[in-house]
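Participant: the following block contains a protein sequence and its predicted model.
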Amino acid sequence: MLTRIASTIAPRFDGVFSTETVHRYVHESYHLLVRDAVDGSHLPLLAERFARERLIALAQTQGLSGRTVPEVLFVCTRNAGRSQMAAALLARHAGSRVHIRTAGTAPAAHLDTVVVRALAEIGLDPAEEFPKPLTDEVVRAADVVITMGCGDACPVYHGKRYQDWLLDEPENASIERVRRIRDHIDERVRGLLAELTEPAPGLRQN
């Protein structure tokens, strides 16, 4: 199964990474998702998507792939609530002007159902998203890293912009509370997009 997945992905990175590197990333991505108890019925598909995204990030960090828009990484603990809401909201406002990734320092098995409901209420469908563990190459590939309650678990690299957003935790919260968190995140996302469009001193430089 993993060999088939790697063979599917490999042509995308022909001339960029060796077949061995692609296979290694597929196997590693699969086992990272297994470790974090992602829904087993969709695991092969999710492992393929996760490995592809990691390889794209790796190519960017090594200067093997160009980029035309800012890369934003949202990191929270479970990657099931706050970071997913932020990603969905930024994607709505930014469109193709920003590339967005998310990750969690201790990923959940699936997105929070109340968070999914709160996003659906405003016409956003995160059905294609899933909690992903934080990996080194996605941090290195990011221009801006937004952390949300994960403390020092996210590695800090010199030359990147970081901001820590103080947000309530939506896990096990009522729909009313999650709506408030969603709207707060929407305000922060709009401010972030303005900073990316016209850089301002609001982001901490490390």
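Facilitator: Ah, there it is.
Participant: output the contacting helices and strands for the lengthiest helix in the chain.
Facilitator: What stands out as the longest helix in the chain, according to DSSP state H, is helix 175-197. Judged by 3 or more CB pairs under 8 Å, 6 or more residues apart in numbering; DSSP states H and E, the packing partners of helix 175-197 are helix 82-94, helix 113-120, strand 144-148. Heads up, the C-betas are built off the backbone N, CA and C, glycines and all.
Participant: could you redo the last one with a cut-off of 10 Å?
Facilitator: strand 71-76, helix 82-94, helix 113-120, strand 144-148, strand 161-164 (3 or more CB pairs under 10 Å, 6 or more residues apart in numbering; DSSP states H and E).
Participant: just checking, residue 64 is part of a strand?
Facilitator: No. Counting by DSSP: H, G, I helix; E, B strand; the rest coil, residue 64 is not part of a strand but coil.
Participant: can we start the residue count at 10 from this point?
Facilitator: Okay, residue one is now 10; in that scheme the one you just asked about reads as residue 73.
Participant: who's in contact with it?
Facilitator: Residue 73 makes contact with 22, 24, 25, 26, 65, 67, according to CB atoms under 10 Å, 6 or more residues apart in numbering.
Participant: and the gap between it and residue 12?
Facilitator: 24 Å (CB to CB, to the nearest Å).
Participant: before we move on, what about residue 83?
Facilitator: The spacing between residue 83 and residue 12, counted by CB to CB, is 32 Å.
Participant: ok, now residue 130?
Facilitator: When distance is defined by CB to CB, residue 130 is 42 Å away from residue 12.
Participant: now the contacts of residue 73: which count as buried?
Facilitator: 22, 26, 65, 67 (16 or more other CB atoms under 10 Å).
Participant: with adjacent residues omitted, what lies nearest to the third one?
Facilitator: Think residue 65. residue 74 (6.7 Å; CB to CB, 6 or more residues apart in numbering).
Participant: that concludes my questions; thank you for your assistance.
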